[in-house]
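> Provide a 3D model corresponding to the input given below.
(one chain, ligands or ions: 2)
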Amino acid sequence: MFSIISFTGPSGSGKTTIQKYVGAAPIITFTSRKPRKSEVDGVHYHFTTRENILGMKEKGELLEVTEYSGNLYASNLKSIHEVVKNQQTRSIVVDVHGARELKKHFNERVLLVGVFASKDECRQRIYSRSDSNIEKRLYSYDEDVKGMLEICNLVIINSDENWLKNKKILDFWRKSFIEIS
Ligand SMILES: Nc1ncnc2c1ncn2[C@@H]1O[C@H](COP(=O)(O)OP(=O)(O)OP(=O)(O)O)[C@@H](O)[C@H]1O
Ligand SMILES: Nc1nc2c(ncn2[C@@H]2O[C@H](COP(=O)(O)O)[C@@H](O)[C@H]2O)c(=O)[nH]1
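Ligands and ions are numbered 1, 2, ... in the order given. Next up, the predicted model:
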């Protein structure tokens, strides 16, 4: 059984939307990015400083640290080990670097799910989220897609028109997480 379901893909592809829909409880990661209007500390991220993240790295407390669009993102190693040890199922959203580290450390206990949408769809979605960093976020789009295709076990094509069809498939997952949690 998988302990960690990891969602990876370009910015705006819909990773967080799908993670929420599937319903496996999230592993909350750390970021030095400022919260968006709708985001809550401890729910969407542990919002903290760059210095604090680098300090945790120095102490060996992190699985990995990555820099994305000018901000640091990191996940706590001990909390992921505990999920795996206790045979729980949790979800996490990470970039390709994070996905590679999860695979390296937890191998068959991780299901790596890629989430794809076209660059235009991602742009439109980031725009509608009122995010001003659109082009900075899409700068690595091609690299994000290539890395995702190399590493992920399965890829969800999350185009606007596929949403209803995807929801039907994701409902099976949802049901199984409700049953085991
Ligand atoms: N299939 C879809 N059709 C239309 N809109 C969608 C679809 N999937 C997600 N969205 C919308 O796109 C926006 C971005 O989605 P989401 O935040 O889940 O993306 P993300 O991949 O987690 O982005 P980021 O990496 O930048 O945080 C949200 O407003 C969401 O409602
Ligand atoms: N390698 C990691 N990537 C992470 C982590 N937490 C989030 N992310 C990824 O960062 C970008 C940007 O996220 P956003 O919330 O600012 O839009 C996105 O690709 C996430 O998947 C982490 O701990 N490690």
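> What count of nearby residues applies to residue 172?
9 (other C-beta atoms under 10 Å). For the C-beta atoms, the positions are set from N, CA and C on the backbone; glycine is no exception.
> Can you give me the distance of it to residue 22?
10 Å (C-beta to C-beta, to the nearest Å).
> Next to ligand 1, which bits of the protein? Give me the list.
The chain has residues 9, 11-17, 125, 128-129, 137, 158, 160, 163 near ligand 1, with proximity defined as C-beta under 6 Å from any ligand atom.
> Put the buried members of those into a PyMOL selection.
This is how PyMOL selects the buried members of those, with burial counted by 16 or more other C-beta atoms under 10 Å:
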select buried, resi 9+11+12+13+14+15+125+137+158
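> which residue is nearest the centroid of this structure?
residue 93 (1.1 Å; C-alpha atoms, centre = their mean).
> And for the residue of the chain found nearest ligand 2, the neighbour number?
At 2.6 Å from ligand 2, residue 98 is the closest residue in the chain, using C-beta to the nearest ligand atom. Neighbourhood size, residue 98 [other C-beta under 10 Å]: 22.
> Assign it to helix, strand or coil.
helix (DSSP: H, G, I helix; E, B strand; the rest coil).
> is it true that residue 153 touches residue 113?
Yes: counting by C-beta atoms under 8 Å, residue 153 touches residue 113, with 7.0 Å between them.
> When the two are compared, which one has more neighbours?
The residue with more neighbours, out of residue 153 and residue 113 and counting by other C-beta under 10 Å, is residue 113; that gives 24 against 12.
> packing partners for the helix ranked longest in the chain?
Looking across the chain with DSSP state H, the single longest helix is helix 163-180. For helix 163-180, the elements it packs on are helix 15-22, judged by 3 or more C-beta pairs under 8 Å, 6 or more residues apart in numbering; DSSP states H and E.
> Report the angle between the helix it packs on and helix 163-180.
Here the directions of helix 15-22 and helix 163-180 differ by 50 degrees (axes from the mean of the first three to the mean of the last three C-alpha atoms, to 10 degrees).
> Any buried residues in stretch 25-43, and which?
For stretch 25-43, by 16+ other C-beta under 10 Å, it's 26, 27, 28, 29, 30, 31, 32, 33.
> If we only consider those residues, which is nearest to residue 106?
Comparing these against residue 106 with C-beta to C-beta places residue 27 closest, at 11.7 Å.
> Neighbours of the residue nearest to the closest one when sequence neighbours are not counted, how many?
Distance criterion C-beta to C-beta, 6 or more residues apart in numbering; nearest residue to residue 27, sequence neighbours excluded, is residue 92 at 4.3 Å. Residue 92 sits with 24 neighbouring residues when counted by other C-beta under 10 Å.
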